[in-house]
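In: Build the 3D model from these lines:
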Amino acid sequence: MAAENTNIVFEAHPMKGGDGPNSYMKNSILQRGSVDAAKELLNKAIAEKLDIEIFLPSKSFHIADLGCSTGPNTFLAVENILEAVESKYQSQGLKSQIPEFLVFFNDHISNDFNMLFQSLPQNRRYHAAGVPGSFYKRVFPNASINFAYSSTAIQWLSRVPTVIEDSTSPAWNKGCIHYSNATDEVTRAYETQYSDDMESFLQARAQEIVYGGLIVLTFPGRHSDTPHSDATPNVLLQLLGSSLMDLVRKGVVSEEKVDSFNIPVYSMSPKELSDVVERNGCFSIEMVADLLVSWVEDTSSMPKLIASHIRAGMEGLLKQHFGEEILDELFDLYQKKCEDHISTIISGKAVNFLVVLKRKED
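Out: Numbers count the residues shown, from 1 in each chain. Below you'll find the model as predicted:
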């Protein structure tokens, strides 16, 4: 196994902290949909793929949520995992050997861990610990994790591809904030960054997860035959870029500021992920499935919901680059654009995936 590159610089763009009206805690219902949609498949994966006999006679079971943010979705996901693992022990006639559970909540060091731990369920059935650091590097000791989970987090890259920020490069992303409506050179730069990041992710997890342990990943993405520009997450970011250009025309922000701003998010396909897994060689792919995540039934409320969702995820990134004073006007414009394009958004290629990986013996 290749040695970890400790010289890599990781950008940190945590979700909006606190519990205010624009916080992630108050605006993560769409991510909650992924947690709910994944529950049945999560139960199936643990029932059929988790070999608990390997872990006996250990009296503790270690779970890691990678990219946990501030809650409440992480607590719901952890409870689903605990229930499924306990059910697995019971089905094997091992009820008396159900271990104690230790849950590691991992996110960037600038994540609002205070809010996270203030919100811990009072009646939880597990010990809890916070582990700050990028999941694109090692964050746990060797062979210390039985079950790793990450929901709607691995679409965030470790950084913006450096080449698209270079005005002398063919991949300079002038006039765009993302790759989905940019040149082929920009798209290839994002694809390369994603591939490099996932190799780092799997290399780190291969050292941290015990043999027979599982990784469950859920993420928004696209099918291989869907153009990047048609994937719904990318459509939403195109509308955000259009809103920023409206502010340029109004003289609120400079065009140079927009030219130098890029969002480090990539909508991968399961095929792209499986290619990286195969190159890594430490995991088997046990399950790949589409998640049926429902949008809200009342489409009239969707533009506001989407704008709140994107703001909770992107505010820190935007504030750092443009300043706080543009945010309200920007997201008023963005909500209006979502209203104008709601039929395109609803009919778009909105896909979430669940992938289950199992740590192989070396």
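In: what about the helices in the stretch 101-250 of the chain?
Out: Here the stretch 101-250 of the chain has its helices, by DSSP state H, counting those that start in this stretch, at 113-118, 184-208, 232-249.
In: got it, and the stretch 251-362 of the chain?
Out: 255-259, 270-280, 302-322, 327-340, 342-347.
In: Mind giving me the packing neighbours of the second one?
Out: The reference is to helix 270-280. If you count contacts as 3 or more C-beta pairs under 8 Å, 6 or more residues apart in numbering; DSSP states H and E, helix 270-280 packs onto helix 184-208, strand 283-291, strand 351-359. Using the backbone N, CA and C atoms, a C-beta is placed for each residue, glycine as well.
In: now the first one
Out: Using 3+ C-beta pairs under 8 Å, 6+ apart as the contact criterion, the elements in contact with helix 255-259 are helix 232-249.
In: hmm, who's touching the helix it packs on?
Out: Helix 232-249 is contacted by residues 155, 175-181, 220, 222, 228-229, 253-255, 258, 261, 263, 265, 267, 306, 310, 314, 326, 329-331, 333-334, 337-338, 341, 344-345, 348-351 when judged by C-beta atoms under 8 Å, 6 or more residues apart in numbering.
In: cool, stretch 285-294 as well?
Out: Contacts for stretch 285-294 (C-beta under 8 Å, 6+ apart): 30, 33-34, 37-38, 41, 44-45, 49, 214, 218, 270, 274, 277, 350-358.
In: quick one on the thing from earlier: can you put the helices of the stretch 101-250 of the chain in a markdown table and add mean neighbour count and distance to Ala143?
Out: Listed next are these as a markdown table, based on neighbours: other C-beta atoms under 10 Å; distance: least, C-beta to C-beta, whole Å:
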| stretch | mean neighbour count | distance to Ala143 |
| --- | --- | --- |
| helix 113-118 | 16 | 25 |
| helix 184-208 | 20 | 7 |
| helix 232-249 | 20 | 35 |
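In: So for the protein, the centremost residue is which one?
Out: Compute the mean C-alpha point of the chain, and by C-alpha atoms, centre = their mean the closest residue is Ala153, 1.0 Å away.
In: For it, give me the pLDDT.
Out: Predicted confidence (pLDDT) for Ala153: 95.
In: Also Gln31?
Out: Note on Gln31: pLDDT of 81.
In: Show me what the helix or strand containing it is packed against.
Out: Under the criterion of DSSP states H and E, Gln31 resides in helix 29-49. Under the contact criterion of 3+ C-beta pairs under 8 Å, 6+ apart, helix 29-49 touches helix 73-91, strand 145-151, strand 209-221, strand 283-291, helix 302-322, strand 351-359.
In: most packed of the ones you listed?
Out: Sort the helices and strands packed on helix 29-49 by mean neighbour count, taking mean count of other C-beta atoms under 10 Å, and strand 145-151 sits at the top with a mean of 24.
In: Tabulate the CA atom coordinates of that one in CSV.
Out: Below are the C-alpha coordinates for strand 145-151, written out as CSV (Å, rounded to 0.1, in the frame of the first residue of the first chain):
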residue,chain,number,x,y,z
ILE,A,145,-13.2,1.1,12.7
ASN,A,146,-15.8,-1.6,12.2
PHE,A,147,-18.2,0.4,10.2
ALA,A,148,-17.7,3.7,8.3
TYR,A,149,-20.6,5.8,6.9
SER,A,150,-20.7,9.0,4.9
SER,A,151,-23.9,10.6,3.6
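In: Which elements pack onto that strand?
Out: Contacts defined by 3+ C-beta pairs under 8 Å, 6+ apart place strand 145-151 against helix 29-49, strand 60-66, helix 73-91, helix 184-208, strand 209-221.
In: could you list every residue that touches Gln335?
Out: Counted by C-beta under 8 Å, 6+ apart, Gln335 has contacts 303-304, 306-307.
In: and the two most separated of those?
Out: Using C-beta to C-beta, these span at most 7.4 Å, a distance reached by Lys304 and Ile306.
In: Look at Ser23 and report its pLDDT.
Out: 73.
In: In JSON lines, list the helices and strands packed on strand 145-151 along with distance to Val293.
Out: Below are the helices and strands packed on strand 145-151 laid out as JSON lines (distance: least, C-beta to C-beta, whole Å):
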{"stretch": "helix 29-49", "distance to Val293": "4"}
{"stretch": "strand 60-66", "distance to Val293": "19"}
{"stretch": "helix 73-91", "distance to Val293": "13"}
{"stretch": "helix 184-208", "distance to Val293": "21"}
{"stretch": "strand 209-221", "distance to Val293": "9"}
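In: And the ones you listed, which one averages the lowest pLDDT?
Out: helix 29-49 (a mean of 90).
In: on that earlier part again, any chance of the helices of the stretch 101-250 of the chain in CSV, plus distance to Ala148?
Out: As requested, those are arranged in CSV below (distance: least, C-beta to C-beta, whole Å):
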stretch, distance to Ala148
helix 113-118, 18
helix 184-208, 6
helix 232-249, 23
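In: right, and these - which one's nearest Pro161?
Out: Nearest to Pro161, of all the helices of the stretch 101-250 of the chain, is helix 184-208, at 4.0 Å by C-beta to C-beta.
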